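> give me a model of this one.
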Amino acid sequence: MGYQVEKSEEEWREQLSPAEYNVLRQAGTERPFTGEYTDTKTVGVYKCRACGSELFRSDNKFDSHCGWPSFYTPLAEDRVEYIVDKTLGMTRTEVRCGNCGSHLGHVFEGEGYDTPTDQRYCINSISLTLEPAEE
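Numbers count the residues shown, from 1 in each chain. Next up is the predicted model:
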């Protein structure tokens with residue numbers, strides 16, 4: 001897929017910290033309950049930490065108690081891309097930034113999520129930056 005933001009891996013390494021690079025460019029994950037946005041209630045827009053694309057709104061964030069920030073829908077479907085992930089002996093749906101291809105987390109579906117979409121976008125805090133709404 002051609003992204004609007006395309007950089008070499010060397011350019012990404014220069015831009016991102018080692019921890020950011022591990023998650024955003026190598027599909028790593030941060031430990032549960034350690035991310036800066038896990039329990040955040042601040043009103044605003046969550047952006048891709050790699051390219052700044054607006055991805056999620058705070059009014060679509062909910063407490064899933066899974067250890068990572070959870071949203072029930074992206075800002076718009078073209079903001080994210082879905083990839084089948086068969087690592088760790090299971091099939092999951094990886095979520096990537098639609099603008100730069102950076103790994104964000106995974107989306108899970110099921111009636112048990114008690115959200116308007118029956119989905120939980122489980123996103124790494126380190127993949128995001130929060131732009132608080134103006135008061």
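> the chain: helices as residue ranges?
9-15, 18-24 (DSSP state H).
> show me the contacts for C122.
64, 66, 68-70, 105-108 (C-beta atoms under 8 Å, 6 or more residues apart in numbering). Just so you know, the C-beta spots here come from the backbone N, C-alpha and C atoms, and that holds for glycine as well.
> could you redo the last one with a cut-off of 7 Å?
By C-beta atoms under 7 Å, 6 or more residues apart in numbering, the contact list for C122 reads 66, 68, 70, 105-106, 108.
> which member of the residues you listed is positioned nearest F33?
Checking those against F33 with C-beta to C-beta, the nearest one is W68 at 8.3 Å.
> for the closest one, give its distance to L128.
W68 is 10 Å from L128, where distance means C-beta to C-beta, to the nearest Å.
> cool, F71 as well?
Taking C-beta to C-beta as the measure, F71 falls 10 Å from L128.
> and R13, by the same measure?
Counting by C-beta to C-beta, the separation of R13 from L128 is 20 Å.
> before we move on, what about R49?
Taking C-beta to C-beta, one finds R49 at 6 Å from L128.
> the more surrounded of the two?
Neighbour totals were compared for R49 and L128, and L128 leads with 26 against 22 (other C-beta atoms under 10 Å).
> can you check the pLDDT for the more buried one?
Per-residue confidence (pLDDT) for L128: 98.
> could you pull up the residues touching it?
37, 46-47, 49.
> so which of these is the most crowded?
Y46 (27 neighbours).
> quick one: contacts for that residue?
55-56, 128, 130.
> if you set the cut-off to 10 Å instead, what comes out?
For Y46, the contact set (C-beta atoms under 10 Å, 6 or more residues apart in numbering) comprises 37, 40, 54-58, 60-61, 69, 71, 74-75, 104, 123, 125, 127-131.
> same check, this time on S127
Here S127 is in contact with 20, 23-24, 28-30, 35, 37, 46-50, 55, 68-69, 95-97, 102-105 (criterion: C-beta under 10 Å, 6+ apart).
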